[in-house]
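[1] next come a sequence and a model predicted from it.
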Amino acid sequence: MRRLKRDSISEQVFQQLKEKIIKGDWEPGSKIPSENQLCEILGVSRVSIREAIHKLVALGILEVRHGEGTFVRDSLAESYFNEMLPFFLLDRPDIIKILEYRKIVEVGTIGIALQKATQDDIKRLEEIYHDMEKNKDDLEKFAQLDLKFHMALAHMADNPILNKVNYIINDILEETMKKIVERLGNTDGLYYHIRIIEAIKAEDVTKAQQLMAEHLDRTIEKMSTQK
């Protein structure tokens, strides 16, 4: 047996609080026990309790009402929350699996996004692309902007469920994008992103989806050969 690390305790607290919500012990809109009560119940420090609560707040599952306490969000649906659980459990993501997931989601997303795209949306994509060009030699910054481009496309689809999923797995997407850019560089990102913008401007849904699928297929192929 090994001594528990502080962050491991916080993770255990997070899992237990999450289970209380999943099982319906703490229903949407209900107030959860105070930090002091949770410390006594679980036998851990307030720091561990606060870290776990902060994580659940960041995920949009709990909300802190100043002067009142911490509550399960009213908008939380149990079935919706359960659909998100697999993402909580991902630790070291398999880059190919994440890319396969992205292909499934992003090819469909871009079709919806194109139908809803405004001139401001297109301008935003162009600004991100120009920032990518300016930072093409700073691969860490380039990776951040690459992901920002894809998230901007998702945001254009104006779908709250899609936005919530992206928020929950954001850390995973950031980690995998960084590794992809470290291995493959900036060429494909610049090549495909400008062409995707052109397809959106032309309101060509088929072309935009083809480019996104080709972009991700090419990335999957290249990353697979470098294993």
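    On my side now, so go ahead.
[2] tell me the centre residue of this structure?
    Ranked by distance to the mean C-alpha position of the chain (Cα atoms, centre = their mean), the top residue is residue 170 at 2.5 Å.
[3] how close does that one get to residue 188?
    Look at residue 170 and residue 188: by Cβ to Cβ, to the nearest Å, they are 22 Å apart. (C-beta placed from N, C-alpha, C; glycine too.)
[4] what's the first helix or strand after the worst-scoring helix or strand of the chain on mean pLDDT?
    Counting by mean pLDDT, DSSP states H and E, the chain has its least confident helix or strand at helix 78-89, which shows a mean of 48. Of the helices and strands lying after helix 78-89 in sequence (DSSP states H and E), the nearest is helix 95-116.
[5] hey, C-alpha coordinates of that following helix in PDB?
    Only the C-alpha atoms of helix 95-116 are listed here, as PDB (Å, rounded to 0.1, in the frame of the first residue of the first chain):
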ATOM      1  CA  ILE A  95      -4.800  10.400 -29.300                       C
ATOM      2  CA  ILE A  96      -6.200   8.200 -32.100                       C
ATOM      3  CA  LYS A  97      -9.400   7.600 -30.200                       C
ATOM      4  CA  ILE A  98      -9.800  11.300 -29.500                       C
ATOM      5  CA  LEU A  99      -9.200  12.100 -33.200                       C
ATOM      6  CA  GLU A 100     -11.800   9.500 -34.200                       C
ATOM      7  CA  TYR A 101     -14.300  11.100 -31.800                       C
ATOM      8  CA  ARG A 102     -13.400  14.500 -33.200                       C
ATOM      9  CA  LYS A 103     -14.100  13.300 -36.700                       C
ATOM     10  CA  ILE A 104     -17.500  11.900 -35.800                       C
ATOM     11  CA  VAL A 105     -18.500  15.200 -34.000                       C
ATOM     12  CA  GLU A 106     -16.700  17.900 -36.000                       C
ATOM     13  CA  VAL A 107     -17.800  16.700 -39.500                       C
ATOM     14  CA  GLY A 108     -21.400  16.900 -38.400                       C
ATOM     15  CA  THR A 109     -20.800  20.100 -36.400                       C
ATOM     16  CA  ILE A 110     -19.400  22.100 -39.300                       C
ATOM     17  CA  GLY A 111     -22.500  21.400 -41.400                       C
ATOM     18  CA  ILE A 112     -24.700  22.900 -38.700                       C
ATOM     19  CA  ALA A 113     -22.200  25.700 -38.000                       C
ATOM     20  CA  LEU A 114     -22.100  26.800 -41.700                       C
ATOM     21  CA  GLN A 115     -25.900  27.100 -41.800                       C
ATOM     22  CA  LYS A 116     -25.800  29.400 -38.800                       C
END
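[6] run through this structure and note the low-pLDDT ranges.
    Across the chain, residues meeting the criterion (pLDDT under 70) sit at 1-7, 75-93, 227.
[7] now the strands for it?
    Counting by DSSP state E, the chain has strands at residues 62-65, 69-72.
[8] list the buried residues for the first one?
    Read that as strand 62-65. Applying a neighbour-count criterion of 16 or more other Cβ atoms under 10 Å, one finds residue 62 buried in strand 62-65.
[9] can we start the residue count at 444 from this point?
    Right, with 444 as the first residue, what we last looked at is strand 505-508.
[10] now for it, which elements pack on it?
    Strand 505-508 sits against helix 489-501, strand 512-515, with contacts defined as 3 or more Cβ pairs under 8 Å, 6 or more residues apart in numbering; DSSP states H and E.
[11] redo these as TSV? Include distance to residue 578.
    What follows is those, written out as TSV (distance: least, Cβ to Cβ, whole Å):
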stretch	distance to residue 578
helix 489-501	27
strand 512-515	40
